[in-house]
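1. Sequence first, then the predicted structure:
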Amino acid sequence: MAGIIKLARFRVASAAAGIFVMLSFLLFAGCGDTPDNTGTTTTAPGKGTIYVAVTSGGEVQAGTGNSGIAIIDLDTKKVEMVNLPEPRSPYGIIFSPDTRTASNTDGRIALESPGTIYLGSAGNGSVNIIDLPNRKVIRTIDPPSGIGLRVWSMKKGPDGKIYLTSMGDGKLYALDDSTGTITETGVGGGDVTQSVYGIAWTRDGKFAYLGNLMNPGLSNQAGSVVKVEWPSGKLVKRIENVTMPAPRDTPIVNDVEMTPDGRFLYVTDGVQGALVKIDQETDTIVKTIPVGKEPRAIIFSADGTTGYITVMHEPVENESSVFVYDVVKDQVVDRIPNLAAPIASGLVWSP
């Protein structure tokens, strides 16, 4: 009798082990897939695609002459260079207004695959509308004659309009897609900002931060970020010494970007090769994080956990990279090279 009981126990244990093995096999075979509420299986989404504005001229002799958009598949890290002859020195980039974008991302994180994308030119201040599937310019919006617009970045403001920052005169311009016009906003310029790269808004939309790229009249002055009332542009505060002047070089405050939760403002320091982290509640610098040779623009994932940074002249002079920044660890954790252009500026992200 005892032998029969032992045999029965052995068969039960064997059956249980078989079921465990089968379940384990099914689990690992379906790794990456997630069941939905209908009982069917859906594939987990990929990391998406990043689009970077790149240009070949201006600072070093480029080896390939690529100018236009670098398209990066974040899953494979494959880079496609899309050359476009029309844009003159593409720096700014943003999705067209008809593309759905995530909240609190200044229109730069798409919720769907984009059909068209805008490129802003630092060379002549024009905005080129790109048909992405066909890789060609379908329309160009030129600025009014006689103004100093040189587009460095493009972001969507609290009112839903697309705003252009200008390296040429330090002013902010608004792009009206429906009428095909570019107009001054009255924000920036003069004693506020002399040459502006980035702009970011507080989550309540009451204030904006402008990165003062440099003061042409005072090349040894430390870089600053100015805080203004929005939309009046009235100066509230100047955050000084954000970037320190390097010997024989001009201090460069490049992009400014707010985390999606509105807690911190990040500034890319083009001379020291660092990220400067600013507490938005107190407008004080809390940390400086080494990044790469010359960081330009930064964008955060919609959940605020990951940042992507364009870095020029990395790993070699004629190439650029996109660095992956872990927000929690406060450090760079990966790099995507092979952007075959010495200048990589603005970037946007889609599924």
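-> All right, it came through fine.
2. Residue 175 in helix, strand or coil?
-> Following DSSP: H, G, I helix; E, B strand; the rest coil, residue 175 is assigned to strand.
3. Touching, it and residue 164? I think so.
-> Yes. Counting by C-beta atoms under 8 Å, residue 164 is a contact partner of residue 175 at 6.0 Å. No exception for glycine: its C-beta is placed from N, CA and C like everyone else's.
4. Give me the spatial nearest neighbour of residue 150, chain neighbours excluded.
-> residue 168 (3.6 Å; C-beta to C-beta, 6 or more residues apart in numbering).
5. check contacts around the one you found.
-> 125, 148, 149, 150, 195 (C-beta atoms under 8 Å, 6 or more residues apart in numbering).
6. let's see it at 10 Å
-> 122, 124, 125, 143, 147, 148, 149, 150, 151, 152, 195, 196 (C-beta atoms under 10 Å, 6 or more residues apart in numbering).
7. For it, give its distance to residue 253.
-> With the distance defined as C-beta to C-beta, to the nearest Å, residue 168 ends up 16 Å from residue 253.
8. mind checking how far residue 213 is from residue 71?
-> Residue 213 is 27 Å from residue 71, by C-beta to C-beta.
9. more neighbours, these two?
-> When residue 213 and residue 71 are compared for neighbours, residue 213 comes out ahead with 27 against 18, by other C-beta atoms under 10 Å.
10. That one contacts residue 167, doesn't it?
-> Yes. Contact criterion C-beta atoms under 10 Å: residue 213 and residue 167 qualify, at 6.1 Å.
11. shared neighbours of the two, which are they?
-> With C-beta under 10 Å, 6+ apart as the test, residue 213 and residue 167 both reach 152, 194, 195, 196, 197.
12. residues in contact with residue 124?
-> Here residue 124 is in contact with 87, 88, 89, 140, 142, 143, 149, 150, 151, 168 (C-beta under 10 Å, 6+ apart).
13. What about those, which are in strands?
-> Those of the contacts of residue 124 mapping onto strands are 140, 151, per DSSP state E.
14. From residue 151, how far out is residue 88?
-> From residue 88 to residue 151 the distance is 10 Å (C-beta to C-beta).
15. Also residue 193?
-> 15 Å.
16. Same drill for the two, tell me which one is more crowded.
-> Each of residue 193 and residue 151 has its neighbours counted (other C-beta under 10 Å); residue 151 has more, 34 against 30.
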